[in-house]
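Asks: sharing a model that was predicted from the sequence below.
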Amino acid sequence: RNKTQLYSDLDTGLGKTVVGIMTACYYKSKAVIITPAIEKITNQWIEAIAKFTTLNRNQFLLVKGSKMCADIIEGKYDDIKLFVIPRSTILSFMRKYENRPELITQLFDAMKVNIKIVDEAHMDFHTVVMIDCYTNIQKTYYMSSSPTRSSIDEKKIYARVFKNVLRYGKNILTKEQHHIIPIIMQFKSVPTNEQLKAIETPKGPSLSKYAEYLLDPEGARDEFLHTYSYALYFLQQYRREGGKILVICATIKFAEEIRDYTKSLFPNMSTGLYVGSGKDKYKELDNDIVFSTTHSMGVGSEIENHQI
């Protein structure tokens with residue numbers, strides 16, 4: 001209650017969104033939720049606000065575009081109690097007017113918010129820090145289930161920036177509540193020199209070419225499928241009734257082939273292919289085993305009853 005900055009690192013699926021909304025409700029104060037530029041995430045916030053608060057649709061706003069930012073500064077949205085704004089919108093607004101960062105200060109002053117909630121704080125790190133530097137908000141709450149950066153150098157800077165910010169979430173969970181349990185299975189392939197050269201690129205090994213090698217009859221197909229089937233049979237023992245399995249693949253072609261192979265292993269289980277950008281692909285998430293790629297799933301995707 002007495003802290004001006006807090007960092008929630010609750011695991012995925014444990015309710016960070018609800019915690020953020022309840023925080024704004026607890027203080028009964030105007031708030032802004034700053035999200036990454038991912039439509040699925042901004043829509044989740046809008047849906048959650050409508051579901052978990054008594055605000056009507058005229059009291060919360062998804063800020064889109066520089067014009068809407070300018071309208072906020074002009075006082076056209078003074079009645080809004082809760083703003084949701086992607087970080088890319090803030091950047092675009094600033095860049096439209098000669099890269100003047102003081103516009104960020106003007107925008108937040110005009111919103112008259114006392115609470116700032118930064119979702120997925122590990123993403124767009126430069127923008128997150130810049131917004132912090134040009135705003136003076138009473139309370140700031142950062143949220144991310146992955147509170148770090150992949151780059152070694154950025155990881156050090158990230159740790160230093162948030163060094164004195166009180167973190168809560170994983171530290172208050174009981175052993176039973178830690179629902180993400182990683183299981184690592186070692187897979188050893190023995191490629192020939194020619195096969196190694198085939199997957200090499202100027203930037204290092206190619207993931208898509210390695211995927212081709214794994215399913216190539218002259219590559220590691222037999223060994224890989226044996227390991228994959230063992231892993232799936234092993235995990236299947238712990239699958240609860242209705243629990244869904246997600247298989248992340250390197251490429252769409254890889255996902256299609258693995259799905260077809262899986263059908264022969266588990267003929268009584270339904271399988272879906274969640275790829276592409278069509279609206280119909282969301283129906284695929286209703287299957288027992290869902291095959292997708294990292295790009296297709298993206299950040300913020302939700303699978304009901306997702307277990308493995």
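Replies: Sure, I can see it. On a predicted model such as this, the values are computed, not experimentally measured, just so you know.
Asks: and the strand or helix carrying I117, what's its mean pLDDT?
Replies: Using DSSP states H and E, I117 falls within strand 115-119. Averaging pLDDT along strand 115-119 yields 92.
Asks: other residues contacting that strand?
Replies: The contact list for strand 115-119 (C-beta atoms under 8 Å, 6 or more residues apart in numbering) reads 16-17, 20, 23-24, 27, 29-36, 41, 45, 108, 128, 131, 135, 137-144. C-beta coordinates here come from the backbone N, C-alpha and C atoms, glycine included.
Asks: who are the packing partners of the helix or strand following it?
Replies: Counting by DSSP H and E, the next helix or strand C-terminal to strand 115-119 is helix 125-133. Under the contact criterion of 3 or more C-beta pairs under 8 Å, 6 or more residues apart in numbering; DSSP states H and E, helix 125-133 touches helix 87-96, helix 152-161.
Asks: which SS class is V290?
Replies: Under the three-state scheme (DSSP: H, G, I helix; E, B strand; the rest coil), V290 adopts strand.
Asks: so what's it scoring on pLDDT?
Replies: For V290, the model assigns a pLDDT of 89.
Asks: can you list contacts of stretch 206-220?
Replies: With C-beta under 8 Å, 6+ apart as the test, stretch 206-220 has contacts from 189-191, 195, 198-201, 221, 224, 249-251, 253-254, 257.
Asks: may I see the buried residues of it?
Replies: For stretch 206-220, the neighbour count (16 or more other C-beta atoms under 10 Å) marks 209-215, 219-220 as buried.
Asks: which of these lies closest to S88?
Replies: The closest of the buried residues of stretch 206-220 to S88 turns out to be A211 (C-beta to C-beta; 31.2 Å).
Asks: all the helices of the stretch 51-200 of the chain, in order from the start?
Replies: For the stretch 51-200 of the chain, the helices defined by DSSP state H, counting those that start in this stretch cover 65-73, 87-96, 102-111, 125-133, 152-161, 193-199.
Asks: how much does the first one deviate in direction from helix 87-96?
Replies: Between the direction of helix 65-73 and that of helix 87-96, the angle (axes from the mean of the first three to the mean of the last three C-alpha atoms, to 10 degrees) works out to 80 degrees.
Asks: remind me what helix 65-73 packs against, helices and strands.
Replies: Using 3+ C-beta pairs under 8 Å, 6+ apart: helix 65-73 touches helix 87-96, helix 102-111.
Asks: between helix 102-111 and it, find me the angle.
Replies: On the basis of the same axes, to 10 degrees, helix 65-73 is oriented at 50 degrees to helix 102-111.
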